[in-house]
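Q: need coordinates for the below:
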Amino acid sequence: MPSLFRLIFVLGIIFGGIYGIFYILGTTYEPEPRTMEKSLRPIKLR
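A: So this is what the prediction gives:
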């Protein structure tokens, strides 16, 4: 049973670290906005 607790603890630490990294990146990193220009081909209506 102690090995199960150790496994759960280690997995919690790993996933908590990944979650924290994504949280910090999501709240502090702001990508610069770019305009997208894509020409659309003409659509024929039936």
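
Q: distance of Pro31 relative to Tyr19?
A: Taking C-beta to C-beta, to the nearest Å as the measure, Pro31 falls 21 Å from Tyr19. For the C-beta atoms, the positions are set from N, CA and C on the backbone; glycine is no exception.

Q: compare the two (neighbour count), which wins?
A: Neighbours per residue (other C-beta atoms under 10 Å) separate Pro31 from Tyr19, with Tyr19 holding more: 10 against 5.

Q: so who does the more buried one touch?
A: Counting by C-beta atoms under 8 Å, 6 or more residues apart in numbering, Tyr19 makes contact with nothing.

Q: residues near Leu11, how many?
A: Number of residues near Leu11 (other C-beta under 10 Å) recorded here: 10.

Q: quick check: mean pLDDT of the helix or strand encompassing it?
A: Leu11 is located in helix 2-28, with elements delineated by DSSP states H and E. Averaging pLDDT along helix 2-28 yields 95.

Q: so what's the residue count around Glu30?
A: Neighbour count for Glu30, taken as other C-beta under 10 Å: 6.

Q: can you tell me the SS state at it?
A: Under DSSP: H, G, I helix; E, B strand; the rest coil, the three-state class of Glu30 is coil.

Q: how near is it to Pro42?
A: Distance from Glu30 to Pro42, counting by C-beta to C-beta: 37 Å.

Q: same check on Gly17?
A: For Gly17, the distance to Pro42 equals 52 Å [C-beta to C-beta].

Q: more neighbours: the two, which one.
A: Gly17 (10 against 5).

Q: residues contacting that one?
A: Per C-beta under 8 Å, 6+ apart, neighbours of Gly17: none.
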